[in-house]
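Chemist: structure for this input, please:
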Amino acid sequence: MARAALSARRMAAGRPLEAANMKMPTTLQLAGLCLAGLVVAFVVVGRGSAGDWRTASREPVGLAPNPAVTREAVVQVYGARAVRWRGYFGIHTWIAVKPTDARRYAVYEVTGWRLRHADSAVIIHDRAPDGRWFGNAPELLADKRGPGVDALIERIDRAARAYPYAGEYSVWPGPNSNTFTAWVARAVPELEVDLPPTAIGKDFLGGRILATAPSGSGMQLSLFGLLGVTASAVEGLEINVLGLTFGVDPLGPAIKLPLVGRIGASSVAVK
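Modeler: Prediction:
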């Protein structure tokens, strides 16, 4: 009996130590995930952007409904790894719209190279909404369809044309293509866009410090897109350090990491 009691005490004493040994420091976990994400980014971007960007594929990947057979209005938000080295760290985002009975999509986006020959970086043009971004496959970030979406399209158009940084572009920390998408999303919160942590520039607020979150809900505090915090029912909780976003979405559930993106349940639902 005494020997059994002694054994039980030893086992009980050993459990806390055993449990502690099973836990890894959070900083090491984040560092490991970021390193793994960087490796994945190099592989994905390296494959998608191989060769000359001028001849890279811009073909659609099948995420957008065919306008020839889809009568209802559609709004979709996409993101794809950026061109060349920038794609290792971040994505380019854009908004595609199709009003009711329209036979083609209009795409709203911002590109830095447009400023070389125009006074605005904002582009509104017809192109495949789900086309590859110079070889890199896009990811669907938001999808709205049906009644009421035509009104959203009108508001998207007004917000895009009122974009305050049309004459500026900076890869880091913004304003850039993701700053533009976040600007429109704030103006049209019904889109419920949860821009991933790889959308560097989404937190750029110019001279402001406080604003609604990029999704248009909740609140955000940001210092020039370099340091800040975001909290909303759409994004969850995010912390921005030097343009790199760390976060958690408890409703997903999912975690958000720089380089890696969102890990966990998708935030996109067709509505």
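Chemist: quick one: end-to-end distance for stretch 163-183.
Modeler: End-to-end span of stretch 163-183 (Cα to Cα, to the nearest Å): 7 Å.
Chemist: let me fix that, I meant to ask about stretch 237-252.
Modeler: Stretch 237-252: ends 12 Å apart by Cα to Cα.
Chemist: give me the buried positions along that stretch.
Modeler: Buried residues in stretch 237-252, counted by 16 or more other Cβ atoms under 10 Å: 238-240, 243-249, 252. To be clear about C-beta, it is placed using only N, CA and C from the backbone, and glycine gets the same treatment.
Chemist: T70 and T100 touch, don't they?
Modeler: No - using Cβ atoms under 8 Å, T70 makes no contact with T100, being 9.7 Å away.
Chemist: can you map out the helices along the stretch 1-150 of the chain?
Modeler: Taking DSSP state H, counting those that start in this stretch, the helices of the stretch 1-150 of the chain run over residues 2-22, 26-48, 149-161.
Chemist: sorry, back to before: now for the buried residues of stretch 237-252: which two are most distant?
Modeler: Using Cβ to Cβ, the two most remote members of the buried residues of stretch 237-252 are G243 and G252, lying 22.6 Å apart.
Chemist: okay, now the unreliable bits of the protein?
Modeler: Residues of the chain meeting the criterion pLDDT under 70: 1-53, 269-271.
Chemist: and if we set it to 80?
Modeler: 1-55, 269-271 (pLDDT under 80).
Chemist: all strands for it, in order.
Modeler: 74-81, 91-98, 106-110, 122-125, 139-145, 210-211, 219-223, 227-232, 236-241, 244-249, 254-257, 261-264 (DSSP state E).
Chemist: now do the fifth one against strand 74-81, angle only.
Modeler: With axes from the mean of the first three to the mean of the last three Cα atoms, to 10 degrees as the criterion, the two stretches strand 139-145 and strand 74-81 enclose an angle of 170 degrees.
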